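Visitor: From the sequence below, what's the structure:
(one chain, ligands or ions: 1)
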Amino acid sequence: MGFFDRISEGLSRSRDKFKESMNVLLDRGPDLDEEFWEGLEETLILSDVGGAAASDIVENLRDQATRKALPDAYAVLDLLNDEIAGAFTEPGADIFGGDEAVVLFVGINGTGKTTTVGKLAKAETDAGRAVILGSADTFRAAAIEQLEVWARRAGVEMVTRERGADPASVCYDTLERAEATGAELVLIDTAGRLHTSADLMRELEKVVNVVRKRSKLPVYTVLVIDATTGQNGLQQAREFNRALDLDALIVTKLDGTAKGGIALAVSHELGLPIVKIGVGEGIDDLRDFDAREFASALVGTFDERFDADEDGLRGENAKEAAVTAGERRRDVLEGAPACAAEAEKAVEGSAGETVEDATVEALAEIEDGEAPVVDAQGDAEEAFADAAEEAAAEPDNADLLEAALGRRTHDTLVLETEEDTSAGLEAAELTELDRNAEAVAEAAEEGVFDDVPFTDDELAELAMAAADENAEGEPEPEPEPAPEPEKKSFWKRLFE
Ligand SMILES: Nc1nc2c(ncn2[C@@H]2O[C@H](COP(=O)(O)OP(=O)(O)OP(=O)(O)O)[C@@H](O)[C@H]2O)c(=O)[nH]1
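Guide: Take a look at the predicted model:
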């Protein structure tokens, strides 16, 4: 199983937790308002990525949203994985990249230090490097035996002393033996200790200092954290870093934890790179760290968030629909002033024409694709025509009529009224439409629709409806009078 599949399987619980909170956040709609940004930060914090990382990620996304004029939450979420990946500290020295090195493994009890040293001994020996192990965990007799088993499996030498011996002297012996045998990679296991125990932390400081002084090879101190401990891992890391000036992190037990975000919290806050991750107890369950793949496994890829849909809105189609919705909204918004400008141009260049005629002509040009206005305007007009049909089908429903008519400019209304006549509507319905048309015409004359024909929310709603229709390849079902439940079910379908 490749890195991504393995880490993706391991982090499925973390991912489910993230999606659940995201679903709740997006139920309220795609607007990029203060509530969205606060909700996103909260969602990240709930995923254990830590306050500092969550706040930096959201700040960067906000910046990008402004700079790139991102239309909605979809467009922002498309950038989320990159931001998460970028929040991990970049790797510094390549500790396990082939150069000679001495690596000390430290951490609290039971995080997986001995197991990690064993796994590394095997992997590095298989890669052709001369490895030697030092068991400075003289506190726990079983740890020495445990490492001996790993050493035998990897076929490497291990140096130790009896239980209770001074761990610093074991390190000293190991370095001497490494020099004598020409070992390229020296891996030293230390006893687990609580970061809150001052005595034990002082002892560890002494061990690390002895190694740093005595070694002729570069020395790296690596903290091993157990991902299942969640936020406590951050506190541990702070204390170990304060005492030992750490070089890197290894995060273990990423198989099956819902708290995988802790890896980002520690790496980001302490500026430490993650050099390996543990995804199981087996000898091959130690992997190189890849920030992008980790981010995708932690919060799900953008496409994957749509996969659970029951109505066939899946993967690329869903992504396309979402992106199209966002793009349409922006295009319509940008298209509106262009449409007005086009109308004005038509008026100027056509002496004797009425404003209405010129505008109708300009709109027709736009719809024919002759005028340089985005297609989205046409799509929006189509959606408005549908709304008119709905209203005409229920002439007694004043709300529907108002909703449909209120979204139209005077000019499109003129066209639609003509169409309605040819569609054979009842006289009473036409009278109702005419009455409303007059009201809209008056409003148009007063310039109510001149600059912004449609409100932001209406455009978003229409763009979403158009995308929904596109993605499903069939017309929208009969629209509900109240748009809210429809919108909610759309979000639910996308993220459940
Ligand atoms: N699921 C899982 N278990 C792991 C992983 N790494 C280590 N373990 C298990 O965690 C337990 C503790 O591992 P050890 O290697 O003994 O931990 P330690 O840090 O050396 O423990 P102390 O010496 O007491 O500090 C063992 O049962 C390991 O098999 C991992 O990546 N995933």
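
Visitor: Residue numbers of the stretch 51-200 of the chain in contact with the ligand?
Guide: 107, 109-115, 137, 140, 143, 191-192 (C-beta under 6 Å from any ligand atom). The way it works is simple: take the backbone N, C-alpha and C, and place the C-beta from them, glycine included.

Visitor: Quick check: which element contains the residue of the stretch 101-250 of the chain found nearest the ligand?
Guide: Per C-beta to the nearest ligand atom, Gly192 is where the stretch 101-250 of the chain lies closest to the ligand, at 2.1 Å. Using DSSP states H and E, Gly192 is not contained in any helix or strand.

Visitor: Tally up the residues packed near it, please.
Guide: By other C-beta atoms under 10 Å, the residues close to Gly192 number 21.

Visitor: Was I right to think it contacts Ile108?
Guide: Yes. If you go by C-beta atoms under 8 Å, Gly192 and Ile108 touch, sitting 5.4 Å apart.

Visitor: from the residues of the stretch 51-200 of the chain next to the ligand, which would you call buried?
Guide: The neighbour count (16 or more other C-beta atoms under 10 Å) marks 107, 111-115, 137, 140, 143, 191-192 as buried among those.

Visitor: hmm, back to that, show the pLDDT at the closest residue to the residue of the stretch 101-250 of the chain closest to the ligand other than its chain neighbours.
Guide: Once flanking residues are discounted, Gly192 sits nearest to Asn109: 3.3 Å by C-beta to C-beta, 6 or more residues apart in numbering. According to the prediction, Asn109 has pLDDT 91.

Visitor: returning to what we had before: how near is the residue of the stretch 101-250 of the chain closest to the ligand to Gly112?
Guide: Separation of Gly192 from Gly112 (C-beta to C-beta, to the nearest Å): 10 Å.

Visitor: what do you get for Glu145?
Guide: 17 Å.

Visitor: Run a quick neighbour tally on Gln235.
Guide: 13.

Visitor: Show me what counts as buried in the host helix or strand of it.
Guide: If you go by DSSP H and E, Gln235 is part of helix 232-244. Within helix 232-244, the residues scored as buried using 16+ other C-beta under 10 Å are 233-234, 236-237, 239-241, 243-244.

Visitor: and if you look at stretch 24-44?
Guide: 25-26, 29-30, 32, 36-37, 39-41, 43-44.

Visitor: One more: stretch 263-277?
Guide: Using 16+ other C-beta under 10 Å as the test for burial, stretch 263-277 gives 263-270, 272-277.

Visitor: shouldn't Pro167 be in contact with Asp189?
Guide: No. Pro167 is not in contact with Asp189 according to C-beta under 8 Å; the separation is 9.7 Å.

Visitor: who has more neighbours, these two?
Guide: Higher neighbour count among Pro167 and Asp189: Asp189, with 29 against 25, using other C-beta under 10 Å.

Visitor: how far away is the spatially closest residue to that one that is not a sequence neighbour from Ile132?
Guide: Spatial nearest neighbour of Asp189, chain neighbours left out: Val117 (4.7 Å); criterion: C-beta to C-beta, 6+ apart. Using C-beta to C-beta, Val117 is found at 11 Å from Ile132.

Visitor: what do you get for Ile95?
Guide: 16 Å.

Visitor: Can you list the neighbours in contact with the longest strand along the chain?
Guide: Using DSSP state E to define each element, the chain has its longest strand at strand 219-226. Outside strand 219-226, the residues that touch it by C-beta atoms under 8 Å, 6 or more residues apart in numbering are 93, 95, 101-108, 110-113, 116, 208, 211-212, 233, 236-237, 240-241, 244-253, 262-263, 266, 272, 275.

Visitor: so what's the residue of the stretch 201-350 of the chain found nearest the ligand bridging to?
Guide: Closest approach between the stretch 201-350 of the chain and the ligand, counting by C-beta to the nearest ligand atom: Gly278, at 2.6 Å. Beta bridges link Gly278 to Leu286, judged by DSSP bridges.

Visitor: ok so, going back, with secondary structure as extra columns, can I get the residues of the stretch 51-200 of the chain next to the ligand in CSV?
Guide: Below are those laid out as CSV (DSSP: H, G, I helix; E, B strand; the rest coil):
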residue, secondary structure
Gly107, coil
Asn109, coil
Gly110, coil
Thr111, coil
Gly112, coil
Lys113, helix
Thr114, helix
Thr115, helix
Asp137, coil
Arg140, coil
Ala143, helix
Ala191, coil
Gly192, coil
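
Visitor: quick one: low-confidence ranges for the stretch 101-250 of the chain?
Guide: Across the stretch 101-250 of the chain, nothing is flagged by pLDDT under 70.

Visitor: now swap in the stretch 251-400 of the chain and tell me
Guide: In the stretch 251-400 of the chain, residues with pLDDT under 70: 302-400.

Visitor: To what extent is Glu90 buried, counted in neighbours?
Guide: 9.

Visitor: Excluding residues flanking it in the chain, which one is nearest it?
Guide: Residue nearest to Glu90 in three dimensions, not counting chain neighbours: Pro273, with 6.4 Å by C-beta to C-beta, 6+ apart.

Visitor: I'd like to check the angle between the helix or strand just after the helix holding Gln235 and helix 232-244, please.
Guide: For helix 232-244, the following helix or strand on the C-terminal side (DSSP H and E) is strand 248-252. Angle between the axes of strand 248-252 and helix 232-244 is 150 degrees (criterion: axes from the mean of the first three to the mean of the last three C-alpha atoms, to 10 degrees).

Visitor: residues making contact with strand 248-252?
Guide: Outside strand 248-252, the residues within contact range by C-beta under 8 Å, 6+ apart are 92, 95, 105, 111-112, 115-116, 220, 222-227, 237, 262-263, 266-267, 272-278.

Visitor: residues in the stretch 201-350 of the chain within reach of the ligand, list them.
Guide: Residues of the stretch 201-350 of the chain lying near the ligand (C-beta under 6 Å from any ligand atom): 252-253, 255, 278-281, 285.
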